[in-house]
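> Sequence and computational prediction follow.
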Amino acid sequence: MRGNTVFPGLLVMSSISLSLYNRFTQKKEVFSPNNPDRVTMYVCGPTVYGPIHMGNGRSVVVFDVLFRVLRYLFSKVTYVRNITDVDDKINAQAKMLEISISDLTKQTTAQFHQDIEALHVLPVTVEPKATQHIPHMIAVIQALLDKGMAYISQGHVLFDVLKDSCYGALSGAHAEEILAGARVEIAPYKRNPQDFVLWKPVAEDDQEFWSSPWGDGRPGWHTECAAMSREYLGVSFDIHGGGADLLFPHHENENAQSRNAWGVSCPVKHWVHNGMLMIDGQKMSKSLGNVLLLKDALTQYSGSVIRWALLSSHYRHTLDWSASLLHQATQCVESVNRVLELPWDGKLCVDADILAYLCDDLNTPGALNSLHLLAKRALHDPDWVPAVHTCAQFLGIHGASICLTQEARDKIEKLVKEREYARGEKNFQYADELRKELENLGIVLEDNAQGTIWHKRV
């Protein structure tokens, strides 16, 4: 098979190089790990106060693909994705639901795992919880106090931003240019509005708090990741990932703490951020009422369809989530699944073009398009079936029995058109009967201004 190489498994060395866009240098670079025998990656995980939305799901899937590529290229990869189970939002949600914080975080963490497993996300190497690393966070804070980079005020410990001459180098937000009140808290206990909290004192109605040298309280969010990445990956590691919305202030503040606490100029070699997700051209927000939870999307579409849709745009670009995007993803997954249902001898091979796309700053749109073309070819030439199986597995696209015969398609199309006519005639009772008949056939309908899009529930 021209252009294909034997795929020896995920834990293998390869001569091909990986390039990634580094947010710190703002250019695409050849990825060069600190130690090729152990590649290290840290990605910010969920704050477990509720189910994750589709934007969170995009980040998880993007870095899952990167993890798969790294495991193909290098002999050992340590991937750390944390669970933030200490946060003001968690406290507020537990109070509203009138349950304990531990019950809330346990339930929400289980929901998170269930949702991402449906997207065929691989297990990470380590998944540390913030509550299990409070002593490590206290150590970070004490190191910053000892070096004069932090101060104590009214029971709070704060990072002194103006003492850090490199602050803003990652995000481009310079301390003197940050407007008071713009994503920073203005408080009387701060020397400067830009200073951020490392430790906050216990409030009267707090359910959960810990002892520290500065009194009872809990750590600031930015300190959590600095402590946990240090614990599992060392003072300097290869890749730090997360959504673009975390660049400032979270990653900027995390980077500032790590540099100053441990005395390293570059705690992270490559900063990688994925772009935001829009809903029908609008920013996803509670005020607009268009927040789409991953668990809700999974009731209508398979994990493979959602995963395909999430990877259909380059990870650094904004992705517009829409019915037409999901319709296209459904058709592509169905095409691939037709091949995955064909007999296969188990031989594994990866297509060189797909691997090249993935190694070029995770060009998943190019890789998915190549997989789609491979699937069309394999339907006529069985020699290509192993490549489709292997590359679908490599991209996390799993098979499912959603293929339809032409006779079944004709029947569905007839019912859909008949329903559209009934709606046009305002015969809504008959239209509803047709919808139910289609639902019994496992068909999901999406009505929009252009008409009705249908797909098979998988």
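The structure has been received and is ready for your questions.

> okay, CA-based contacts and neighbour counts for the rest of this
Will do.

> What are the structural domain limits within this structure?
Structural domains of the chain, as assigned by automatic domain parsing, span the residue ranges 31-277, 406-456.

> Kindly compare burial across those domains and name the winner.
domain 31-277 (a mean of 19; mean count of other CA atoms under 10 Å).

> how far does it stretch from start to finish?
Using CA to CA, to the nearest Å, one end of domain 31-277 lies 26 Å from the other.

> picking up where we left off before, for Ala323, which of the domains of the chain is the nearest?
Taking CA to CA as the criterion, Ala323 comes closest to domain 406-456 out of these, the separation being 6.9 Å.

> so how far is that closest one off the chain centroid?
In terms of CA atoms, centre = their mean, to the nearest Å, the centre of domain 406-456 is found 34 Å from the chain centre.

> Same question for stretch 46-64.
Here the centre of stretch 46-64 is set off from its chain's centre by 5 Å, with CA atoms, centre = their mean.

> Would you confirm that Cys359 contacts Val69?
Yes. Cys359 is within contact range of Val69, at 7.5 Å (criterion: CA atoms under 8 Å).

> Let me see the contact set for the nearest residue to Lys76 once chain neighbours are set aside.
With CA to CA, 6 or more residues apart in numbering as the measure, Arg38 is the residue that lies nearest to Lys76, at 5.0 Å, once sequence neighbours are left out. For Arg38, the residues meeting the contact criterion (CA atoms under 8 Å, 6 or more residues apart in numbering) are 74-78.

> one step back: show me the one of the domains of the chain that comes nearest Gly289.
If you check each of those against Gly289 by CA to CA, domain 31-277 wins as the nearest, at 12.6 Å.

> quick check: mean pLDDT across that closest one?
The average of the pLDDT scores along domain 31-277 is 93.

> how close does Gly148 sit to Trp321?
Distance from Gly148 to Trp321, counting by CA to CA: 47 Å.

> Ok, Lys286 next?
Taking CA to CA, one finds Lys286 at 16 Å from Trp321.

> Look at the two and report which has more neighbours.
Taking other CA atoms under 10 Å, Lys286 and Trp321 do not tie; Trp321 has more neighbours (20 against 9).

> doesn't Ile279 make contact with the more buried one?
Yes. Because the distance of 4.9 Å satisfies CA under 8 Å, Trp321 is recorded as touching Ile279.

> Can you tell me which helices and strands the host helix or strand of His136 packs against?
For His136, the enclosing helix or strand under DSSP states H and E is helix 134-146. Using 3 or more CA pairs under 8 Å, 6 or more residues apart in numbering; DSSP states H and E as the contact definition, the elements that helix 134-146 packs against are strand 150-153, strand 217-219, helix 221-233, helix 252-262.

> Format the CA atom coordinates belonging to stretch 138-155 as PDB.
The C-alpha atoms that make up stretch 138-155 are tabulated as PDB, following Å, rounded to 0.1, in the frame of the first residue of the first chain:
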ATOM      1  CA  ILE A 138       1.600  25.400  50.900                       C
ATOM      2  CA  ALA A 139       5.200  24.600  49.900                       C
ATOM      3  CA  VAL A 140       4.900  26.700  46.800                       C
ATOM      4  CA  ILE A 141       3.500  29.600  48.700                       C
ATOM      5  CA  GLN A 142       6.100  29.400  51.400                       C
ATOM      6  CA  ALA A 143       8.900  29.400  48.700                       C
ATOM      7  CA  LEU A 144       7.400  32.500  47.200                       C
ATOM      8  CA  LEU A 145       7.300  34.200  50.600                       C
ATOM      9  CA  ASP A 146      10.900  33.200  51.400                       C
ATOM     10  CA  LYS A 147      12.000  34.800  48.100                       C
ATOM     11  CA  GLY A 148      10.100  38.000  48.700                       C
ATOM     12  CA  MET A 149       7.700  37.400  45.800                       C
ATOM     13  CA  ALA A 150       4.600  37.200  48.000                       C
ATOM     14  CA  TYR A 151       3.200  39.000  51.000                       C
ATOM     15  CA  ILE A 152       0.600  38.400  53.800                       C
ATOM     16  CA  SER A 153      -2.300  40.800  54.200                       C
ATOM     17  CA  GLN A 154      -5.500  40.400  56.300                       C
ATOM     18  CA  GLY A 155      -5.100  36.600  56.400                       C
END
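
> Brilliant, that's me finished.
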